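[1] sequence? don't have it. structure:
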């Protein structure tokens with residue numbers, strides 16, 4: 001499963017061993033990547049603390065990249081494993097992408 005969408009890109013991905021693990025992973029990933037969201041703030045302090053220190057695996061495909069010029073999100077088209085460079089659809093600037101840091 002992945003956190004994100006095909007238009008804006010994905011922030012993290014995980015392979016769970018059971019359906020029961022999906023809910024806790026989603027809660028922790030949302031609390032980690034969107035800590036100020038109303039959903040994250042509604043979670044228990046234990047979940048938010050665990051999420052703050054959890055390591056998340058970057059997605060193998062469709063990773064989210066943010067344009068440094070205007071802040072618009074960009075994602076690799078389906079089938080592309082790595083974004084090296086792109087032209088921002090919002091501002092038109094060319095952006096060179098550095099590989100993500102593995103947590």
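    Nice, I can see it. Remember, it's a predicted structure, so these values are computed and weren't measured experimentally.

[2] Please count neighbours and contacts with C-alpha atoms only from this point.
    Fine.

[3] Does the host helix or strand of residue 95 pack against any helices or strands, and if so which?
    Assigned by DSSP states H and E, residue 95 belongs to strand 94-96. Secondary-structure packing of strand 94-96 (3 or more C-alpha pairs under 8 Å, 6 or more residues apart in numbering; DSSP states H and E): strand 85-87.

[4] just to revisit the earlier point, average model confidence for the strand holding residue 95?
    The pLDDT scores in strand 94-96 average 89.

[5] chain center to that strand: distance?
    On the basis of C-alpha atoms, centre = their mean, to the nearest Å, strand 94-96 sits 20 Å off its chain's mean C-alpha point.

[6] which residues touch the closest residue to residue 30 other than its chain neighbours?
    Take residue 30 and drop its neighbours on the chain: the residue closest to it by C-alpha to C-alpha, 6 or more residues apart in numbering is residue 40, 6.4 Å away. Under the criterion of C-alpha atoms under 8 Å, 6 or more residues apart in numbering, the neighbours of residue 40 are 27, 30-31, 34, 48.

[7] out of these, who has the most neighbours?
    residue 31 (24 neighbours; other C-alpha atoms under 10 Å).

[8] tell me the SS of that one?
    helix (DSSP: H, G, I helix; E, B strand; the rest coil).

[9] Enumerate every residue touching it.
    37, 39-41, 43, 47-48, 51-52.

[10] rewinding a little: who touches the strand holding residue 95?
    Outside of strand 94-96, the residues within contact range by C-alpha under 8 Å, 6+ apart are 67-68, 84-88.

[11] closest to residue 14 among the contacts of residue 31?
    Taking C-alpha to C-alpha as the measure, residue 14 sits nearest to residue 51 out of the contacts of residue 31, at 14.2 Å.

[12] any idea which helix or strand carries that closest one?
    Using DSSP H and E, residue 51 falls in helix 45-53.

[13] Let me know the average pLDDT across that helix.
    On average, helix 45-53 scores 96.

[14] Show me what counts as buried in that helix.
    48, 51 (16 or more other C-alpha atoms under 10 Å).
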